[in-house]
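Enquirer: below: sequence and its predicted model.
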Amino acid sequence: MPEITTAGLAGLDDLTSGWAARLLAAGLDVIALAPSADEEKPLRAAVARCWPILQKAGLMPGAALDRLRFTTEPDEAAAAAGFFQAAAGLSGRALANLESRTPADIPIALNGRAPLPAGLRRPERVLIGRPCPPVHLLPLIELGDAGRTGREAIERAAAFYETLGFLPLHLPAGPIAGRLTAALAAEAGRMIAAGSAGSADVAAALARGPALRWLLGLDLPLEDDFEATPAATRQAAEEALLAVMRALRPTGLGAGPAVAARETGRYTRFAHRRWQPGAPVEAPLRLFHCPVDPGWIDYNGHMTEASYLSAFGDASDALFRFVGIDERYRAAGFSFYTVETHLNFLREVGSGEPLTFTTQLLGLDEKRLHFFHQMFHERSGDLLATTEQLLLHVDTAAGRTAPLRPAVRSALAAILDAHQTLPRPPQAGRQIALPRSQP
């Protein structure tokens, strides 16, 4: 299946804005086929409300809100899109009309619909692709047969959804999440009606016990009416949900693998700058910027001490890639290991705030690298923190230091030469000590 660069949305339902936001965040062009031009403004506004949390999650290269366009013409949408996600409420006539105009190898996934209308040309490429709200964040997508769905359509859809950060489940017999949610809601309703529990009691019992297990995917799942949550509560819930999903990343449980795969894909697909022999070198280098991750925030609402180092680590990775230390270099058995770090914390910063970093090389020899990072608030320009680090170049297979490879050594030497005229940062070489009291 050719790479999909444009995805189509057909019809409108309560999941459409989440779909549009997720597709845009994946760096795709999106064309929305709407019944009326009047739908454009409210849908754009709904997509924009999803965007801040996706920025914190990390956008794929090229992701932008202005890559969403609207049309009321099925022919225009059919000619542009390589995949269609259709609303559950799309009329049979509209679905048949869309299906008749799209190339025969393009899958059409429905948010939920049965049975299919008669008269489809290729019903084998129509499937159920039912997500779990909030669509723009959660990794669940349930794939089901829509009458005569073919295996090829299921496989193509699953592959496409994986590029969006989903973990697809193929459930030919029907959805799981919706049925379990309905059953849980019915049981809770019976308890509340009988007076054995209040709605707050039910919510507290779930949140303090079973729901914590369900988040790990080790027990029955749970879904609620997220779209109806008040805006302020929803924003806080999204922040917490993203933090929980990222906390699961190193465990391999629940949503962890989806988060790890998405972040790896985002980093490897980013067009990192590379040093070129003879090219001018910035003094200092400006290679990295990012927002403050919500998972970096402590109980005071500010970045934790460890998170400053984590952010500086990403800035170091940008430096490494700039000089040629990438996946291929590490696969050959070489890398840098940090042996000493000094941090200075100057200003606090909160969730979502934009950060930008500078890098200055202070020293270099055959096996060692000495550099200095500064972290700034990207809007205000305030200096937030600094770090000074000493690294050793290592032969990872032998487990000992090794000389730098010639190409990397040349790049670092050129940078060091360009940085010789920079003033030495006042924090560089600083020692921790109490001032001596005067007699």
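Expert: Alright, I've got the coordinates.
Enquirer: how about the strands of the stretch 251-400 of the chain, start to end?
Expert: For the stretch 251-400 of the chain, the strands defined by DSSP state E, counting those that start in this stretch occupy 285-291, 334-345, 354-364, 368-377, 383-395, 400-401.
Enquirer: actually the stretch 51-200 of the chain, not the one I wrote
Expert: Under DSSP E, counting those that start in this stretch, the stretch 51-200 of the chain gives strands at 68-71, 84-86, 108-110, 126-131, 140-145, 167-170.
Enquirer: quick one, which of those strands is nearest to Val339?
Expert: With CB to CB as the criterion, Val339 lies closest to strand 167-170 of those, at 38.5 Å. From N, CA and C alone the C-beta is placed, and that goes for glycine too.
Enquirer: just how off-centre is that closest one within its chain?
Expert: Offset of strand 167-170 from its chain centre (CA atoms, centre = their mean, to the nearest Å): 19 Å.
Enquirer: follow-up on the earlier one: can I get the strands of the stretch 251-400 of the chain in JSON lines with mean neighbour count?
Expert: Below are these laid out as JSON lines (neighbours: other CB atoms under 10 Å):
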{"stretch": "strand 285-291", "mean neighbour count": "19"}
{"stretch": "strand 334-345", "mean neighbour count": "15"}
{"stretch": "strand 354-364", "mean neighbour count": "20"}
{"stretch": "strand 368-377", "mean neighbour count": "21"}
{"stretch": "strand 383-395", "mean neighbour count": "19"}
{"stretch": "strand 400-401", "mean neighbour count": "12"}
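Enquirer: if we can go back for a sec, want to throw the strands of the stretch 51-200 of the chain into JSON lines with mean pLDDT, distance to Ala260 and mean neighbour count?
Expert: Shown next, in JSON lines, are the strands of the stretch 51-200 of the chain (pLDDT from 0 to 100; distance: least, CB to CB, whole Å; neighbours: other CB atoms under 10 Å):
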{"stretch": "strand 68-71", "mean pLDDT": "96", "distance to Ala260": "28", "mean neighbour count": "18"}
{"stretch": "strand 84-86", "mean pLDDT": "95", "distance to Ala260": "25", "mean neighbour count": "27"}
{"stretch": "strand 108-110", "mean pLDDT": "93", "distance to Ala260": "25", "mean neighbour count": "26"}
{"stretch": "strand 126-131", "mean pLDDT": "92", "distance to Ala260": "20", "mean neighbour count": "25"}
{"stretch": "strand 140-145", "mean pLDDT": "92", "distance to Ala260": "16", "mean neighbour count": "22"}
{"stretch": "strand 167-170", "mean pLDDT": "92", "distance to Ala260": "11", "mean neighbour count": "17"}
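Enquirer: which parts of this protein are helices?
Expert: 16-25, 40-57, 74-80, 92-101, 151-163, 177-194, 199-208, 210-214, 231-247, 256-269, 305-323, 327-331, 406-419 (DSSP state H).
Enquirer: lowest-confidence stretch among these?
Expert: Per-stretch mean pLDDT for the helices of the chain is lowest at helix 210-214 (a mean of 69).
Enquirer: for stretch 60-73, buried residues please.
Expert: Of all the residues in stretch 60-73, those buried under the rule 16 or more other CB atoms under 10 Å are Met60, Ala63, Leu68, Phe70, Thr71.
Enquirer: cool, and stretch 415-435?
Expert: Neighbour counts over stretch 415-435 (16+ other CB under 10 Å) mark Ile415, Leu416, Ala418, His419, Pro425, Gln427, Ala428 as buried.
Enquirer: how about JSON lines for the strands of the stretch 251-400 of the chain, with distance to Thr304 and mean pLDDT added?
Expert: Converted to JSON lines, the strands of the stretch 251-400 of the chain look like this (distance: least, CB to CB, whole Å; pLDDT from 0 to 100):
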{"stretch": "strand 285-291", "distance to Thr304": "16", "mean pLDDT": "93"}
{"stretch": "strand 334-345", "distance to Thr304": "10", "mean pLDDT": "96"}
{"stretch": "strand 354-364", "distance to Thr304": "14", "mean pLDDT": "97"}
{"stretch": "strand 368-377", "distance to Thr304": "14", "mean pLDDT": "98"}
{"stretch": "strand 383-395", "distance to Thr304": "12", "mean pLDDT": "97"}
{"stretch": "strand 400-401", "distance to Thr304": "32", "mean pLDDT": "96"}
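Enquirer: ok, which of the ones you listed comes nearest Gly174?
Expert: strand 285-291 (39.6 Å).
Enquirer: direction included, what does the closest one pair against?
Expert: strand 354-364 (antiparallel) (DSSP bridges).
Enquirer: quick revisit: just the buried residues of stretch 415-435 now: which is nearest Leu43?
Expert: Closest to Leu43 out of the buried residues of stretch 415-435 is Ile415 (47.0 Å), distances taken as CB to CB.
Enquirer: that closest one against Pro284, yeah?
Expert: No: if you go by CB atoms under 8 Å, Ile415 and Pro284 don't touch, sitting 9.3 Å apart.
Enquirer: which outside residues touch stretch 430-439?
Expert: Stretch 430-439 is contacted from outside by His342, Asn344, Glu388, using CB atoms under 8 Å, 6 or more residues apart in numbering.
Enquirer: an error on my part: the question was meant for stretch 90-106.
Expert: Contacts to stretch 90-106, defined as CB under 8 Å, 6+ apart, come from residues 1, 10-11, 33, 35, 74-75, 77-78, 81-84, 86, 108, 110, 113, 116-122, 125-126.
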